[in-house]
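Trainee: model this:
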Amino acid sequence: LDALERIADRWQVRGGAPENEFLLDAGKYVQDLPGFQALEWVDQGFRVRWIAPLEGNEKAQDLNLAFEKKRLSALLQARDKRAPSISKPIELVQGGQGFHIYLPLFSNNRFDGFVLAVFRISTWMDHLLNKGAGKNHFETSMFVDGKTVYGPSEILHASGPGVQKTTVYALDQKLLIQVSPKPAFYSDNRTLVPEIALATGLVFATLVAFVIFLLQRSAEAKIILTNQARELDFQKRTLDKHAIVSIADANGNITYVNDTFCEIGEYTREELIGYNHRLLKSDEHSPEFYSNLWHTIGSGKPWQGGIK
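Mentor: Modelled structure (predicted):
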């Protein structure tokens, strides 16, 4: 989700993004991060408008993603909850099985569509398994709701030494991971084959499940942080509309003022940032008033009151 978050953050700060800039950024992410099939911008009407890379993904251009229930459900969830959502395994229009991650875009509380990450399951799993030493000795398959989404389907009911199954919850789905020894395993391990197959298969299956689990926990953590960041941003915008706010360092030098502060005080930010709060001191208040103000702020507490 890091790539999607960075694109969405820039979109929110700038109130949108030019097509060429979006495609340039998205193209670099796809190139640098294995597992992506494409990164896309989907408009408010759920239609795919921009795709990086376009080559190999031409069938997705201008596609209305609301045509299919699994896609539509994830789209609505992301938009309505203002948080990333992940689709169930789907048949990609580019071919093969995959899944979508949708990150909603908002600018000044205006819904601007989604950043869409498209993953082909085979490419994604190949990348994960390529890091494991057991890929040459074990066949790995993944099943969702009894359907094969990765690897040979015939090993679902396989049994014997070394055949191991483990269940992991990821991508909002219950996944069954199964590994079975390949012929190369038996030829390379001619002694204690059943014992070695059993132990190695169990370890390899557990490692695959653990990697997917870590990816899921990372995605969940990103969703929580995204929601918290949006809530804090909402609170800040609400406060800025109804109060004058300034922040100073321990020496009383101003480091931040909101727009309302500038409007009421009739100062520009350039006239305030870096200067001491004494600049704003008037003779309308007693020394005790200012002493109490700075004592409160110096203790790490917010001060609230009226200043003439």
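Trainee: please make it C-alpha for all contacts and neighbour counts, starting now.
Mentor: Noted.
Trainee: which residues does Leu103 contact?
Mentor: 4-5, 8, 78, 83-85, 114-116 (C-alpha atoms under 8 Å, 6 or more residues apart in numbering).
Trainee: just the buried residues out of the residues you listed, in ChimeraX syntax.
Mentor: In ChimeraX, this line selects whichever of these come out buried by 16 or more other C-alpha atoms under 10 Å:
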select :4,5,8,78,83,84,85,114,115,116
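Trainee: Glu263: which of the contacts of Leu103 is nearest?
Mentor: Taking C-alpha to C-alpha as the measure, Glu263 lies nearest Ala8 of those, at 30.3 Å.
Trainee: so how many other residues sit close to the residue nearest to the closest one when sequence neighbours are not counted?
Mentor: Spatial nearest neighbour of Ala8, chain neighbours left out: Leu105 (6.1 Å); criterion: C-alpha to C-alpha, 6 or more residues apart in numbering. Here the number of neighbours of Leu105 (other C-alpha atoms under 10 Å) works out to 28.
Trainee: what strand or helix carries Leu105?
Mentor: Assessed by DSSP states H and E, Leu105 sits inside strand 97-107.
Trainee: what's downstream of that strand, the next helix or strand?
Mentor: strand 110-120.
Trainee: partner strands of that following strand, with direction?
Mentor: strand 36-42 (antiparallel), strand 97-107 (antiparallel) (DSSP bridges).
Trainee: and Ser85, bridged to which residues?
Mentor: Beta-bridge partners of Ser85, as defined by DSSP bridges: Tyr102.
Trainee: residues contacting it?
Mentor: Per C-alpha under 8 Å, 6+ apart, neighbours of Ser85: 74-75, 77-78, 101-103.
Trainee: tabulate the residues you listed (CSV), appending pLDDT and distance to Asp25.
Mentor: Output for these, formatted as CSV (pLDDT from 0 to 100; distance: C-alpha to C-alpha, whole Å):
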residue, pLDDT, distance to Asp25
Ala74, 90, 24
Leu75, 93, 23
Gln77, 91, 26
Ala78, 91, 22
Ile101, 89, 17
Tyr102, 92, 17
Leu103, 92, 16
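Trainee: any idea of the mean pLDDT for stretch 42-54?
Mentor: Computed over stretch 42-54, the mean pLDDT rounds to 95.
Trainee: how about it: buried residues?
Mentor: So stretch 42-54, judged by 16+ other C-alpha under 10 Å, has buried residues 42-43, 46-48, 50-54.
Trainee: and Lys301, which helix or strand is it part of?
Mentor: Going by DSSP H and E, Lys301 is not in any helix or strand.
Trainee: check contacts around it.
Mentor: Lys301 sits next to no residue when contact means C-alpha under 8 Å, 6+ apart.
Trainee: just Gly16 next, same as before
Mentor: 10, 107, 112.
Trainee: narrow the residues you listed to those that are buried.
Mentor: So, of the contacts of Gly16, Asp112 end up buried under the neighbour-count rule (16+ other C-alpha under 10 Å).
Trainee: quick check, the residue nearest to Ala8 in contact with Val115.
Mentor: Yes. With contact defined as C-alpha atoms under 8 Å, Leu105 reaches Val115; the gap is 7.1 Å.
Trainee: what do those two both touch?
Mentor: Common neighbours of Leu105 and Val115 (C-alpha under 8 Å, 6+ apart) are Ala8.
Trainee: count the neighbours of Leu175 for me.
Mentor: By other C-alpha under 10 Å, neighbour count at Leu175 equals 20.
Trainee: from Gly95, how far off is it?
Mentor: According to C-alpha to C-alpha, to the nearest Å, Leu175 and Gly95 sit 21 Å apart.
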